[in-house]
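J.: no sequence on hand, only this structure:
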């Protein structure tokens, strides 16, 4: 069995399942563990040939012993290390003791076959883990090793590792970006699939953010670096996925604890089986042989491996498609989700609203409404405020100085303009200040019913008018919602927007439940209520404003997290791109990994339930136990690796149907 203690290697990447510094070098036979197993197998074949075909029986003990020493090199050292430093009897000790016992009983060929098959199975298992990690770490190869930076107006080629924030570099058509940055000059399209999982190239112009490892299209770009090569988005993805392998799921923790108690029990039972019957007059050798068979038959390799392989494969394939799952527990939880709750702005919508209507109060000019609103919102970072300011700039309005600006959480903004208190916010703000909407109330109701957000504008306790804004629904959102419904999931919207606007968007998308007008702490309480009533909840938001809700949900999912540390920190799962169908893919991975884990558990328990009684009553031989044991372990590993073959093309449409208990 492979070790589960973490070791740090290379550039800080985690190598969880191997104590030696092998890494994935290419083909399976290039693994040092597998080379030892192959050498041991060759020695067994030579010894068997000399003994049975040439009649040289004397070569059996030294030949088979040498093959055992070569084949058991890795797993016996690992088992002794666990026993010495951690005081744990692992599966390696069981298998080593079984081989030693068989040899002492004169079963040299059985002992050698046991060692060779177990070493080969362990090597293939380790190779599978290494391939999972290699697939992620190979993303580093997407970034070029050299970069052309601009110094004194001249292009100078330097190692990409030497890039620092503030450097300016040139990327020509067809080239990969060496690190993250902001476009200073040029227009192009960039393939960002390596980071976000989005296959459609993204338009880039001055001011656009670009990421390491993405591929430039037809136009040359001059980019201002915002991160070093060791700290760019691509490196963060790889590091976070590697770290995620350390955060085990509940089932994995359970079976590790189970293994720490189970293996010593098996060893003690085998010793008792060999020693007690002779005390009552039974012959020693038959019972000693049964004890050896029991050690092999009861070793829980497949059972302990039932979930880790599926989890490792799921986290790895998710990372390659722009989904950061921050641990096995979160992958398991994705498979348990019964309801998906979405924030509205920036999640179901694009987060870039536009002004659609400006309705002044009687006697007030439309220009006055927009000027006051934009003057107050100029310092706001809220998407609605930015849209109002953008509209004012398009109309070339002169904005006035705004003093004593103050954000009113969940309501709007307040400031002094021309010496008077100006308000910009939702209708509830004006109702709380005793300012009636009067003749505009019916119009406000109509606009909100159309799914538009209505912002009131007032000055000196007088309503100047209202501004209506509409955020564009993400084009892929309807398809994603339909896929969630088809899988038996319920969908909710939790938003701070007003109920009419939220209901309009929900109707358009076919969302089941809407809760609007929520403040951050109210979202948390509503998520807790949903979990009590429905079951595990996934909350999807921007990862910053919705941080409390993301933390409260069973699984917090941050969208559009490429290059955003805060979004990654706030959530359990980070979608690097802005495509909601990626969420459907993440849920699919969770369900598939969970289902395969359950399959492996059932299969492993069935194998043990047959082998253990067979060993106790003496109907299973050493060779049979070894073959069944190793084949079952390899089948569990192979089944777990099926998660890695979950195709990206199925993101939008093939989320498995929800079944009870899975």
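T.: In hand now; what should we look at? Keep in mind that what you see is a predicted model, and the values were worked out from it rather than measured.

J.: and residue 46, how far from residue 56?
T.: Distance of residue 46 to residue 56, given as Cβ to Cβ, to the nearest Å: 11 Å. Bear in mind the C-beta positions are built from the backbone N, C-alpha and C, glycine included.

J.: report the contact partners of residue 515.
T.: Neighbour list for residue 515: 492-495, 526 [criterion: Cβ atoms under 8 Å, 6 or more residues apart in numbering].

J.: and those residues, which is closest to residue 627?
T.: residue 492 (52.1 Å; Cβ to Cβ).

J.: right, and the helix or strand after the helix or strand encompassing residue 540?
T.: Taking DSSP states H and E as the criterion, residue 540 maps to strand 537-541. Per DSSP H and E, strand 537-541 leads on to helix 547-552 as the next helix or strand towards the C-terminus.

J.: pass me the low-pLDDT residue ranges in the stretch 351-500 of the chain, would you?
T.: 410 (pLDDT under 70).

J.: ok, which stretches of it are helices?
T.: 366-377, 383-394, 427-432, 441-449, 477-486, 499-509 (DSSP state H, counting those that start in this stretch).

J.: make JSON lines out of these and add mean neighbour count and distance to residue 106.
T.: Formatted as JSON lines, those follow (neighbours: other Cβ atoms under 10 Å; distance: least, Cβ to Cβ, whole Å):
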{"stretch": "helix 366-377", "mean neighbour count": "23", "distance to residue 106": "89"}
{"stretch": "helix 383-394", "mean neighbour count": "19", "distance to residue 106": "79"}
{"stretch": "helix 427-432", "mean neighbour count": "17", "distance to residue 106": "88"}
{"stretch": "helix 441-449", "mean neighbour count": "16", "distance to residue 106": "88"}
{"stretch": "helix 477-486", "mean neighbour count": "20", "distance to residue 106": "63"}
{"stretch": "helix 499-509", "mean neighbour count": "20", "distance to residue 106": "73"}
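
J.: quick one: closest of those helices to residue 572.
T.: Using Cβ to Cβ, the helices of the stretch 351-500 of the chain put helix 477-486 closest to residue 572, at 18.1 Å.

J.: low-confidence stretches in the stretch 151-300 of the chain?
T.: Ranges of the stretch 151-300 of the chain meeting pLDDT under 70: 193-200, 237-256, 258-259.

J.: before we move on, the earlier item: for residue 589, find the nearest of the helices of the stretch 351-500 of the chain.
T.: helix 477-486 (13.8 Å).

J.: which strands or helices does the closest one pack on?
T.: On a contact count with 3 or more Cβ pairs under 8 Å, 6 or more residues apart in numbering; DSSP states H and E, helix 477-486 meets strand 490-494, helix 499-509, helix 581-617.

J.: any idea of the mean pLDDT in the longest one?
T.: Per-residue pLDDT values over helix 581-617 give a mean of 88.

J.: what helices and strands are in contact with the strand holding residue 540?
T.: By 3+ Cβ pairs under 8 Å, 6+ apart, strand 537-541 packs against strand 339-342, helix 520-533, helix 547-552, strand 555-559, helix 581-617.

J.: quick one, which of those is packed in tightest?
T.: strand 555-559 (a mean of 28; mean count of other Cβ atoms under 10 Å).

J.: give the pairing partners of that strand; include direction for each.
T.: Here strand 555-559 is paired, per DSSP bridges, with strand 537-541 (parallel), strand 573-575 (parallel).

J.: let me know which of those is the nearest to residue 298.
T.: Per Cβ to Cβ, nearest to residue 298 of the strands paired with strand 555-559: strand 573-575, 37.8 Å.

J.: buried residues, that closest one. List them.
T.: 573-575 (16 or more other Cβ atoms under 10 Å).

J.: longest strand in the chain, by number of residues?
T.: Longest strand in the chain, counting residues (DSSP state E): strand 462-470.

J.: and that strand with helix 499-509, angle?
T.: 10 degrees (axes from the mean of the first three to the mean of the last three Cα atoms, to 10 degrees).

J.: starting from strand 462-470, tell me which strands it pairs with and how they run.
T.: Assessed with DSSP bridges, strand 462-470 is paired to strand 354-360 (antiparallel), strand 453-459 (antiparallel).

J.: what residues does it touch?
T.: With Cβ under 8 Å, 6+ apart, strand 462-470 has contacts from 353-361, 364, 366, 368-370, 372-373, 384, 387-388, 430, 435-438, 440, 443-444, 447, 450-458.

J.: again, but for stretch 52-59
T.: Contacts of stretch 52-59 (Cβ under 8 Å, 6+ apart): 47, 50-51.

J.: domain assignment for the protein?
T.: Domain segmentation of the chain under automatic domain parsing yields 7-137+241-316+589-650, 144-229, 336-348+474-588, 354-470.

J.: tell me the phi and psi of residue 177?
T.: Main-chain torsions, residue 177, degrees, to the nearest 10: phi -80, psi 130.

J.: I'd guessed it sits against residue 216; true?
T.: Yes: if you go by Cβ atoms under 8 Å, residue 177 and residue 216 touch, sitting 6.7 Å apart.

J.: if we can go back for a sec, export the helices and strands packed on helix 477-486 to TSV and append columns for distance to residue 340.
T.: Shown next, in TSV, are those (distance: least, Cβ to Cβ, whole Å):
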stretch	distance to residue 340
strand 490-494	5
helix 499-509	12
helix 581-617	7
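
J.: nearest to residue 74, out of those?
T.: Judged by Cβ to Cβ, the one of the helices and strands packed on helix 477-486 that comes nearest to residue 74 is helix 581-617, at 23.0 Å.

J.: what is the helix or strand just after that closest one packed up against?
T.: Next along the chain after helix 581-617, taking DSSP H and E as the criterion, comes helix 622-640. Using 3+ Cβ pairs under 8 Å, 6+ apart as the contact test, the elements touching helix 622-640 are helix 108-137, helix 284-298, helix 301-304, helix 308-320, helix 581-617.

J.: mean confidence score for helix 622-640?
T.: The average pLDDT within helix 622-640 is 82.

J.: report back the residue of the protein that's furthest from centre.
T.: Distance from the C-alpha centroid of the chain, by Cα atoms, centre = their mean, peaks at residue 281 (59.6 Å).

J.: so which strand or helix has that one?
T.: Per DSSP H and E: nothing holds residue 281, as it lies in no helix or strand.

J.: so is residue 275 in a helix, a strand, or just coil?
T.: Secondary structure for residue 275, judged by DSSP: H, G, I helix; E, B strand; the rest coil, is helix.
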